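Student: Take this sequence and fold it.
(2 chains)
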Amino acid sequence: MEKELLEHSLGFNRRKFLSRMSIGLGSAALGSLLIPDLFSSSSPEEAILQGLPHFAPKAKRVIYLFQNGAPSQLETFDYKPLLNKMVGQNLPESIRNGQRLTGMTANQTTFPLVGSYFGFKQYGNSGAWVSDLFPHMSKIVDDICIVKTMHTEAINHDPALTFFQSGAQQGNRPSIGSWVSYGLGTENSNLPAFCVLLSRGKGNGQGVYSKLWTNGFLDSVHQGVQFSSGENPILYLQDPDGMDRNTRRKMVDQIAALNEMELKNFGDPETAAKISQYEMAYRMQTAVPEIMDTSRESEDIIKLYGADCLVPGTYAANCLLARKLSESGVRFVQLYHQGWDQHGNLPNEMKGQALDVDRPSAALITDLKQRGLLDETLVIWGGEFGRTNYCQGKIAPENYGRDHHPRCFSIWMAGGGIRPGMVYGETDELGYNIVQNPVHVHDFQATVLHQLGLDHEKLTYKFQGRRYRLTDLYGSVVKDIIA
Amino acid sequence: MKKIIGLLILGAGISVALLNACSNAAMADTAIPDVISYNYDVRPILSDKCYNCHGPDARKREAGLRLDIASEAYKALQEHPQKHALVPGKPEASELFARITTTDTSLLMPKVSSKLPRLSEHEVAILKKWIEQGAKYEPHWAFVVPQKAPLPAVNEKSWPVNEIDYFILSKMERQGLSPNEEADKERLLKRVCMDLTGILPTPEQTAAFVNDASANAYEQQVDRLLQLPQFGEKMAIGWMDLARFADSHGFQDDSYRSQWPWRDWVIDAFNRNMRYDTFITWQLAGDLLPNATKEQQLASGFNRNHKITEEGGVIDEEYRVQYVTDRTNTFGRAMLAMTVECAKCHDHKYDPFSQKNYYQLYAFFNNVKEVGLESTVGGPETYAKNPRMTITNEEVQKTLRFINKKDTGKLEVSVMADRDTSRKTFLLIRGNYDTPGEEVRAATPPVVLPFDSARWKRNRLGLAQWMFDEKNPLTARVFVNRIWQEFFGRGIVKTASDFGMQGDLPSNPPLLDWLAADFQQHGWDMKRLIRQLVLSATYRQSGKISAEKLKKDPLNIYLSYAPRARFPAELVRDILLSSSGLLNTEIGGPSVKPLQPPGLWELATSGRGILKKYVQDTGKLLYRRGLYTFIKRTVPPPSMMIFDASNRDECQTSRYRTNTPLQALVMLNDPTMIEASKALADRLLQRGTNPTQVITSAFQRIICRTPDAKEKEVLVSYWEQAVAELKKNPENARKIISVGNYQAVTKDTILLAAAMQAIQVMYNMQEAITKT
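Tutor: Residues are numbered from 1 along each chain as shown, chains lettered A, B, ... in the order given. Below is the predicted model:
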C-alpha cells in the first residue's frame, strides 16, 4: 500500500515539477528523452492539485465499454418474468407516478407492458440472471458486479450521454477520461492518457461526437485522442508517402537544430518544450503502430475475442486494442459501440448487437484476468439510460420496441477493486422503479474516481470562479460494491 | 519526496541554478505588503475560502455570518453575541482570526468537511495585518466607474511613445525591470501584420519597410494594415468564439445551419470600424431598433448562434429555457465579464448577484418568438429556425453587399424577434425549467448599475442602452481587456470573462481604467484603440527573454519583453496558405470544407441530415482562410482543435495555448502543409535552382526575415543531403511530390522533393507559427 502511494505521488510530483520547470527550462539539456511526461502541459499556470492521490488507489486504469443508444435492461440483466405474464396490459399510472415521457411516447394513450422475447437463466456462484442473448458474458458473472439500479435524470440521448461522461447534461464540461488524465497524468510517455475507440453495430443508432471526450475547460492536453481503424490510427500520425523513418529522423533533427538556435537567441522556454514535443511525436509514430499491430497475437487470443478482432474498427478489434492500450499504461480507454436504440424491432436488433459485443466484452475480462491485470484495471459496461417496460408503438410478442427510461437500468463493472460476483440493487416486479439501493450517475462517477484513488469532492478545477468537479455537487461512493 | 525530485533533476540534466531561479521568483510574491489592500490582498482569500458559507448566497449562509459586507462582519455574532467576526485593530479579539488559526479541528475554518484547503501561513499573516490596520473594506474594483488617473512618473522618460507606456514602464521600474529594445524591423513587421490581419508580409513588403528610414515608417504600416479587408477577418475570429458561431445546430444529429451571413456582417462591421456601442446594440437589439433595417436584424443573429436541438422526443420547454439560459450566460461572460451563470440555480456564492437578479437578466432574453424543438433534421426549411429572416438576391446586390452570396438559392438566417405580448418570466427553482417560482421583471444586477426603467424600456434595446450608459463600470473595461488580451497574449485581467470576486485582479489597474475611460471618451472607436496598442513602445519591444527577466517576470505580467504567443489555429492555416501563394483571398460566404482526415463525420453520425458525410470542397475553395473552415459542432475540424480552437459549444472569451506532440504531428504530416511546401518549392524553383537562393526566398516568405548564416548552413546542407538520398531512391521523390491537388511545373522531381523537404523544415520551426 505504502509503495503504491509512493509510486503515485512520484508520478504526480514529476508532472507538477515539470510543469513548473517549463518556466525555467532555458539552460536544461535539450532533446533529453528523460523528460517523462509527453503530454504534460507547458502552461505554468496549470492548476495545482493538492495531495494526489487522495488515498491508495485500487485501480490504475479504466476501460469503459459504452453501449451507446441504451441497451434494454429487460433483455440483458434485469429479469422480470411478470412482464411476460402481463403482456398487453396497461402500465398502472400508480407505478409510472408522474415520470416525464419523451416526445415519442408522450402522446401514446396506452402503455402496454411487454416481456423479454429472450429467456433468462442463472449463472455462476452468484446466481446472476443473464438473458440468453449473452452466452459469453454469462460465463464471467463471477468476475463482474452487475448494478441493476442505475438511474439518471435525462430522458434523451444527447443530454444523457453528456451527463454520464461529464456529470452535467448541458455545458462544455470535461469528460470523465479528461478528469482522470488531469488527476493522474499518464503512465506511458509515448501514448495519450485518454484514448477513444468507436465502433458501430447494425441496430438503430445515435451519433457519438467528440464533445463526449472533450477536455472542456481543462487544458487540451487532457482531451481524448480518438483512434481510428486503418492506416492512420491517430490523426496525422502517419508520415506522408515517400517519407521513410530515416528521412523523418533527419528532418526532426534539422528542426531541432533550428529551434535550438531560436532558443539561444530568444530564451523562450516554450521553444525548449517544442523541441521535446517533436521528439515525443517522433517516438509516438513508432509506439502507436506497434500497439495497433495484431499480426503477432496468438491463436488463443484471436479465438478468445473472436475472428472479428482482426477486422479493424469492429467492437471486437477495439476490445483487443483497449486491452493493449491499457496494458501499455493508457489511463482511460473509452469505447463506444453504437446501435442500441431499440424503439422498435427490438428482438431482431438486439440479437445483432449482442452478437457484436457479447464475446469480446467477456474476452476482455478473461484476458485481463489471465494477465494479472484485472485487479488494477476497472472495466465498465453499460449505456446512458434504460428502456421502458411498456411497448412503444404496436405490440407483438416477437416484435416490439421500448422507449427511453431513466428510472432504472443495468450496467456492470469489473476489476479495479470492485466486488466480483455480485448483483447489486433491486427493481420492482415490473422493472419500472427501483426498490432497493439506487445508484445515481453521480454515485457511479464518484465510485469510479474513488477506485482510482481520487476523492470526487476534491478533484476540482477552478473555472469561471467556481471549483468544478465531475460529480457537480452530488454523488457518493457506492461502498457496498467495493471489494 | 525531496530526494526523488533531486534524482529527477539529475536524470533530466537540469541545472540547479534553474531551480533557484524558480524559488526566487516564488519568494518575490510572498512578501507581505506594508499596507494591506482589501481588494488586492484580502478579498481574494475571503472569497475563495469563506464566501462559500459566509458570502452572498443567503440560502447557504451559515451561522448568519456574512463576510463580504463590512457592517455584517463587524456586528455581534448571532450564535455568540459577545463575539465579533472582525474587531478592527484587534486580531486577537476577532473570532475570524481565532477560527483560521485554531488547532482544534472542530472549530477550524474552512471546515474540514468543506474539503477546502486550510489557509496558508501567508494568508493568515495577511488577514492578521489587515485586521491590525483596521479591517477596512473597499468596493469591488470592477463596480467602480473607471477614471483616468494622471500618467505615472517614470525614470526612463525617453522610452514611452504613448500613454500606455507610462503605466507599463512605471510598473516595470518598481519591479526593477527595464524594457527590451525595439524589435528588429523584420520581426516587428511580421508581428504587426499577423496581429492586425493574420496575413504574413511579403518579402517585398518586408524589404520596403526595412529600407524605409522615415520616422513614421512603422506608423504608416499600421495605418495601411488597419485599412485592409483582412483586418475584419482577423478580428472576427475572436468574436466568433465569443458569439459561439458555428455551421451546425449542435446536439445529437447536428445538422446544417445557414448562419454564415451573420459572420460576413461581423467582418464588415470591423472593417467599417463601426463604433463599439453600435456594434453591440445591433447584435443585442438590432431587431428592436425603430424601423429596423435588414442589416440591423441580421446583426441580432448574435443571440441565435447558440445550439438548437433537432432531437425528436425532447420536451419543448426544457430546450427553450436552455436557449434563453445560453443567451443570458453569454451576455454575462461576453459583455459584463461576470459569472452570472452561477446564480441560475441559487444565489451567487461569491459575487453579489442573487438568483432573482439572474432571472431578471434572463427576462430580457425570454421573449423571443421561438420554440424548443421547431423541427427535426430535414431540408433547407430547417437550416434556420424561427424567428428568421430571408435574404434576397436583390438585397445582397443593394443593401447587404457585404454578404458573399453567389448562388440564387433562398437564404435564411436565424435572428431575434420578440413576441407581441411579453412572456412571463419566473425564477426557476434550482434552475429547473419545470419548477417556476416567483415572477420577475427584466432588470440588471443592481450592484453593477441599477436599471432605470424611466429611461430604458425593459427589453433588449433598453439593456443595450444600459450597457452604454456612462455610469456602467464594466462595458468598456471588459472590451479593452479582451482586445489587450488579443494583442498581448494575456488580459490585464487574466480571467477575461470573470471580473468578479473569484476572477483575477488586474495586473495594472490604472492602465485598464485609463484605456477604458479613453475608449469611452473617444466614441467607442475600436480601430483607434487597437492603433494605440500596437503603436506603443510596449508592443514594439523585442521578444527576447533574458535569464534575469525569466526570473523576475516569468509570466510576462509586467510586459518587460514582447509576448511570444503561438498563433491561433486559424492563423496557423493562413500562414501555410499565404506563404506558399495558395491562399484564396475571397472574403465571406458559406463556410468551406478543406482537406481533413477521412471518416470522422461518418463514424460519428446518427446517419441523418446533410452533414452525415464530409463532402470535401474542391478547387479554390480548398484554400480559403482558416476562419471560414466549416464548424460542425459535434465533430469540429481536428487540426484546429489540436491547436486549441473553440468547439463553439458555448461562449468562449479566451483560448488555451498548449504545446503538444499532436501539434508537432499536424505540422509534420497535415496534407495542407505538404501541399503548401510543394506549391512554394515549385514557384521558387521556376526562378532558379540554386539551393541557397531558394532557401533564402522560402525563409523570407515563411519566417519573414532573412536567414542568418548558420540557419542557411543547416538548411542548405539538409537540402544537399536530401538530394543525395533521393537520388538513391527516386521512387520516394515521386511519392513525395504526388501529394495534394497542386500541379507542379518543375520537371526535376528530385530537386522538387528536396526543396519541399527543406521548406517543411521551415514550416516546423517554432518561429513559423509563433509571434516573435
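
Student: Now do the same contact list for residue A:90.
Tutor: Neighbouring residues of residue A:90 by Cβ atoms under 8 Å, 6 or more residues apart in numbering or on different chains: A:110, A:111, A:112, A:113, A:390. Using the backbone N, CA and C atoms, a C-beta is placed for each residue, glycine as well.

Student: Would you confirm that the third one contacts residue A:389?
Tutor: No - under the criterion of Cβ atoms under 8 Å, residue A:112 is not in contact with residue A:389, lying 9.9 Å apart.

Student: surely residue A:157 meets residue A:406?
Tutor: No - counting by Cβ under 8 Å, residue A:406 is not a contact partner of residue A:157; they are 11.7 Å apart.

Student: Which of the two has more residues huddled nearby?
Tutor: The neighbour comparison of residue A:157 against residue A:406 (other Cβ atoms under 10 Å in any protein chain shown) goes to residue A:157, with 28 against 23.

Student: mind listing what the closest residue to the more buried one other than its chain neighbours touches?
Tutor: Excluding the flanking residues, the one nearest residue A:157 by Cβ to Cβ, 6 or more residues apart in numbering or on different chains is residue A:206, at 4.5 Å. Residues counted as contacts of residue A:206 (Cβ under 8 Å, 6+ apart) are A:68, A:69, A:157, A:338, A:341, B:252, B:606.

Student: switch the cut-off to 10 Å
Tutor: Going by Cβ atoms under 10 Å, 6 or more residues apart in numbering or on different chains, residue A:206 touches A:68-70, A:156-158, A:160-161, A:338-341, A:384, B:252-253, B:311, B:605-608.

Student: so where's chain B uncertain?
Tutor: Under the criterion pLDDT under 70, the flagged ranges of chain B are B:1-30.

Student: before we move on, back to that, quick check: the residue nearest to residue A:157 vs residue A:322, distance?
Tutor: According to Cβ to Cβ, to the nearest Å, residue A:206 stands 21 Å off from residue A:322.

Student: pLDDT wise, what is the residue nearest in space to the middle of chain A at?
Tutor: For chain A, the residue nearest the mean C-alpha position is residue A:64 (2.8 Å; Cα atoms, centre = their mean). Looking at residue A:64, its pLDDT stands at 98.

Student: Next, it: phi, psi?
Tutor: phi -110, psi 110 (degrees, to the nearest 10).

Student: hang on, isn't it packed against residue A:165?
Tutor: Yes - using Cβ atoms under 10 Å, residue A:64 is in contact with residue A:165, at 9.1 Å.

Student: Overlap in contacts, these two.
Tutor: With Cβ under 10 Å, 6+ apart as the test, residue A:64 and residue A:165 both reach A:176, A:177, A:334, A:336.

Student: In contact with the first one, which residues?
Tutor: Yep, that's residue A:176 we're talking about. Neighbouring residues of residue A:176 by Cβ under 10 Å, 6+ apart: A:62, A:64, A:164-167, A:194, A:212-213, A:224, A:332, A:334, A:380, A:444-445, A:448-449, A:470.

Student: Among those residues, which ones lie close to chain B?
Tutor: Among the contacts of residue A:176, proximity to chain B is found for residue A:212 (Cβ under 10 Å from any Cβ of the partner chain).

Student: Buried ones only from the contacts of residue A:176, please, as a ChimeraX command.
Tutor: Of the contacts of residue A:176, the buried ones go into a single ChimeraX selection, burial set by 16 or more other Cβ atoms under 10 Å in any protein chain shown:
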select /A:62,64,164,165,166,167,194,212,213,224,332,334,380,444,445,448,449,470
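
Student: if you look at the contacts of residue A:176, which of them are in strands?
Tutor: The strands, defined by DSSP state E, take in A:62, A:64, A:194, A:332, A:334, A:380 from the contacts of residue A:176.

Student: For these, work out which two are farthest apart.
Tutor: For the ones in strands among the contacts of residue A:176, with distances taken as Cβ to Cβ, the pair at the greatest spread is A:194 and A:380 (14.6 Å).

Student: what do residue A:157 and residue A:406 both touch?
Tutor: A:70, A:102, A:384, A:385.

Student: The closest residue to residue A:103 other than its chain neighbours: which element?
Tutor: When the adjacent residues along the chain are set aside, residue A:103 lies closest to residue B:313, with 3.9 Å between them (Cβ to Cβ, 6+ apart). In the assignment (DSSP states H and E), residue B:313 maps to no helix and no strand.

Student: And for residue B:633?
Tutor: Per DSSP H and E, there is no helix or strand for residue B:633.

Student: Find the residue closest to it in space, skipping its chain neighbours.
Tutor: Using Cβ to Cβ, 6+ apart, the closest residue to residue B:633 is residue B:250 (4.2 Å).
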